[in-house]
Structures are given as C-alpha cells and as structure tokens.
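Undergrad: Got a sequence here, can you build the structure:
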Amino acid sequence: MTPTLPNTVVGTVVTATGEVQAPSRILVVVAHPDDVDFGTAGTVAALVKAGSHVSYCLVTNGEAGDDDVSLNQEELAALRQEEQTAAALAVGVEDLHWLNHPDGRVVNSLELRRDISRVIRIVQPEVVVTQPTTANWDRIYGSHPDHLAAAWATMAAVYPDSRNPRSHPELLDEGHKPHTVSQVWMMWMAAPEGTMMHVDITATFEEKVKALRCHSSQTDRIEGLDDLLREWASGVASAANMAPGSLAEGFRVFDTE
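TA: Numbers count the residues shown, from 1 in each chain. Sure, this is the predicted structure:
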C-alpha cells in the first residue's frame, strides 16, 4: 500500500550558481552497491543535512562484483548489502530498496521498469537521481552495461510508467497509486550538455569518503582512494568555474513533470 507521506520543511544546498531549494523527497536508483556513493554521496549528505528525505533503490545486490571467488555469490551479495547499508547510514540514509536483479545481467525489461515504478510509487519522490543513459567510453567503468540498462529502465519508470495507472496494473492491485516525478538528475558521468547543476560538496566530502570506505570489498584495492575522489570532485568544480579549492558533484537536470 502506498503510504500518505508527511510534508517536510527543507532548506537549501549550495551549487555553482548559488543556493537552491532542496527537494523534500529524493530517490536514487543505481545498478550496484557503491554506484550511489561514487556518483553522488557528497550531494546526498548535503541534501540530508538540508532536511531532504533520501531513499536508495539498488537494482542488484552486487554478487558479481569481485574477482575473488573464495566467497560464493550468496555470501558476496550479503556482504555487499551490508556494506551499502553502512555506507547509506554514513550519509544519513536509512531507506533502502533492493530489487534483486542479477548482477552483470541487468536488462532494460518490463519487469525492471515495473519494479522501479513500484519503488517510485512507494517513495513518491520529487526528484529521481540515476546513472547516465549514454556510455562515456573515456570512463569505461562508469559505462558498465548494467548502469546503462538500469538508467534506461529508470527513465521509462519515471515516464511513463510510474504516473500511468494503466502501466503495470498489478501495482494498482498492490495499492500503489500513480506518482509523477518532477525532475531527474543524471549523474556527472553524463555528457556535460543541456541543463547542468553542480552541487558543492566541499563540506561533505569527508562523508563521501567515509561512505566509500564502507565498501571495503570494492575500495580496499584502490590505492590513494581519497586523493582520487578529491581529484575527480576538484575537476568537476573547476569545470563549473567554482572557487579554487571547491569540490563538486555534477548532474544533468531534466524536467519530467
């Protein structure tokens, strides 16, 4: 059953062009555990501090995300769920939705669209944050086929599925009423074109690092993780002409209402 959600009072977040109103409810949809933290943990921390209610939707459990085969897939899935839960708490997020689609084999299917639509109708976000629908081969890790499939399914769930009562009628039978998402923020790996927003994460960068450190099965192998994250965030801020020393995460913004 879709709950009746209370209205919350939220503040602002700092962007390259000034302070903007934080959305009251946000849903982040990604393919794997740790995707949200690499892409947007600094922004999530800033939004939570501003009073936003943030939820995560994980398409897979990440059970194919380690070359060490000493753990079986069930054990690795449980570990990665535990890591993501801890990472979410590190930035103030407690509401996680796991779709349990197969890691490494995500398909932009009607089933995935339905499952994401269900979460949208439950969470009722103003804004959905997701990964790019277009591959950027200069950043091959960000162009994982699971990312692309999950992003396309998310966009289809935003429009038309989650708002259309005739899409996935079983959701109505479950009590989940249609919901219209106002905006999509596509993570910074997207091509820097169209309407861009750059969120200042200078004050929340350490929380982003803390969140990613929770993914020890993935990040322990990365030498100089803090420096790498700082380099990326500094580059985003520089591209947005922010003040020297600033750190940022960027999004391409689409109005979808």
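
Undergrad: Can I take it that residue 10 is in a strand?
TA: No. Counting by DSSP: H, G, I helix; E, B strand; the rest coil, residue 10 is not part of a strand but coil.

Undergrad: Quick check: phi and psi on it?
TA: phi -120, psi 160 (degrees, to the nearest 10).

Undergrad: Give me the neighbour count for the residue nearest to it when sequence neighbours are not counted.
TA: Nearest-residue entry for residue 10: residue 51, 3.8 Å, with adjacent residues in sequence omitted and distances by CB to CB, 6 or more residues apart in numbering. C-beta coordinates here come from the backbone N, C-alpha and C atoms, glycine included. The tally of other residues near residue 51 (other CB atoms under 10 Å) stands at 13.

Undergrad: Now do the phi/psi pair for residue 51.
TA: Residue torsions, per degrees, to the nearest 10, at residue 51 are phi 110, psi 0.

Undergrad: Could I get the full set of strands for the chain?
TA: 12-15, 18-21, 25-30, 53-60, 95-101, 127-130, 183-187, 196-200, 248-255 (DSSP state E).

Undergrad: Switch those strands over to a markdown table; also include mean neighbour count.
TA: Listed next are these as a markdown table, based on neighbours: other CB atoms under 10 Å:
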| stretch | mean neighbour count |
| --- | --- |
| strand 12-15 | 18 |
| strand 18-21 | 11 |
| strand 25-30 | 26 |
| strand 53-60 | 26 |
| strand 95-101 | 17 |
| strand 127-130 | 27 |
| strand 183-187 | 23 |
| strand 196-200 | 23 |
| strand 248-255 | 21 |
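
Undergrad: Let me have these in CSV, extended by mean pLDDT and distance to residue 137.
TA: As requested, the strands of the chain are arranged in CSV below (pLDDT from 0 to 100; distance: least, CB to CB, whole Å):
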stretch, mean pLDDT, distance to residue 137
strand 12-15, 97, 28
strand 18-21, 96, 31
strand 25-30, 98, 20
strand 53-60, 98, 22
strand 95-101, 98, 24
strand 127-130, 98, 19
strand 183-187, 96, 16
strand 196-200, 95, 20
strand 248-255, 96, 18
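
Undergrad: any chance of these in JSON lines, plus distance to residue 234?
TA: Shown next, in JSON lines, are the strands of the chain (distance: least, CB to CB, whole Å):
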{"stretch": "strand 12-15", "distance to residue 234": "16"}
{"stretch": "strand 18-21", "distance to residue 234": "20"}
{"stretch": "strand 25-30", "distance to residue 234": "23"}
{"stretch": "strand 53-60", "distance to residue 234": "24"}
{"stretch": "strand 95-101", "distance to residue 234": "30"}
{"stretch": "strand 127-130", "distance to residue 234": "21"}
{"stretch": "strand 183-187", "distance to residue 234": "17"}
{"stretch": "strand 196-200", "distance to residue 234": "12"}
{"stretch": "strand 248-255", "distance to residue 234": "8"}
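
Undergrad: closest one to residue 46 among those strands?
TA: With CB to CB as the measure, strand 12-15 is the member of the strands of the chain nearest residue 46 (4.8 Å).

Undergrad: can you list the residues that contact that closest one?
TA: Residues outside strand 12-15 that contact it (CB atoms under 8 Å, 6 or more residues apart in numbering) are 19-22, 43, 46-47, 50, 197-200.

Undergrad: Who is the residue nearest in space to the middle of the chain paired with across the strands?
TA: Note on the chain: the residue nearest the mean C-alpha position is residue 28, at 3.4 Å, using CA atoms, centre = their mean. As for beta bridges, residue 28 partners with residue 56, residue 129 under DSSP bridges.

Undergrad: Correct me if wrong: it contacts residue 59.
TA: No. Between residue 28 and residue 59 there is no contact under CB atoms under 8 Å: 11.4 Å.
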